[in-house]
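**Q** dropping the sequence and predicted coords here.
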Amino acid sequence: MPDELRITIPGIPVGWKSHLPGQWGGRYTDPVVKAYKQKVQVYAKQARRRAGLHEPIPGMVEMTVQWIFPPQCQLRKKQRELIEAGGLWPHVGRHDEDNLSGPLNDGLKGIVFQDDCWIVRAIHGKFMGKEPRTEVTIKAFDAEANAIRRAE
């Protein structure tokens with residue numbers, strides 16, 4: 001098994017929208033969110049195949065995610081130059097980390113990890129960059145090496 005699995009999903013990241021009641025009282029998921037989840041699944045399957053994995057990573061996993069959005073209009077000149085040169089600038093805006101992680105985790109579930117309840121460590125970042133995308137790194141979590149022991 002490889003040390004880590006890297007997945008890049010091109011395009012603007014998509015988060016949950018408000019759940020609206022469906023026509024007969026069921027839940028309604030925005031078609032844009034459904035399409036994004038399907039896109040995540042396609043790129044996750046490709047990454048898993050490239051890594052030689054035939055099954056989801058068993059057990060606990062740790063995950064690092066960088067959501068990269070297009071630059072906002074109100075950037076200063078130095079910030080815009082940094083982004084144009086391929087750098088990243090922190091993104092503060094209407095995109096809520098909780099809403100962004102939902103469709104991503106649902107798309108990865110059953111393909112890269114068994115269920116999102118097995119994610120025991122997650123590091124998330126929101127940035128602005130030249131090419132919008134979502135970058136995900138997932139690896140097995142070694143519980144014994146990362147156990148927190150009580151000081152005696």
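**A** Yep, that arrived. Numbers count the residues shown, from 1 in each chain.

**Q** okay, and the helix or strand of this structure with the least pLDDT?
**A** None of the helices or strands of the chain scores lower by mean pLDDT, DSSP states H and E than strand 20-21, at a mean of 60.

**Q** for the helix ranked longest in the chain, what is the average pLDDT?
**A** Secondary structure of the chain per DSSP state H: the longest helix is helix 31-50. The average of the pLDDT scores along helix 31-50 is 94.

**Q** mind giving me the packing neighbours of that helix?
**A** Contacting helix 31-50 under the criterion 3 or more Cβ pairs under 8 Å, 6 or more residues apart in numbering; DSSP states H and E are the following elements: strand 5-10, helix 97-108. Glycine gets a C-beta too; all of them are placed from N, C-alpha and C.

**Q** so which of the ones you listed gets nearest residue 31?
**A** Among the helices and strands packed on helix 31-50, the nearest to residue 31 by Cβ to Cβ is helix 97-108 (12.1 Å).

**Q** residues contacting residue 36?
**A** Each residue near residue 36 by Cβ atoms under 8 Å, 6 or more residues apart in numbering is listed here: 11, 13, 14, 103, 107.

**Q** tell me where the model's unsure across this protein.
**A** Low-confidence segments of the chain, defined by pLDDT under 70, are located at 1-2, 18-27, 148-152.

**Q** residue 132: neighbouring residues, count only.
**A** 16 (other Cβ atoms under 10 Å).

**Q** now it: closest residue in space, sequence neighbours ignored.
**A** Distance criterion Cβ to Cβ, 6 or more residues apart in numbering; nearest residue to residue 132, sequence neighbours excluded, is residue 12 at 4.4 Å.
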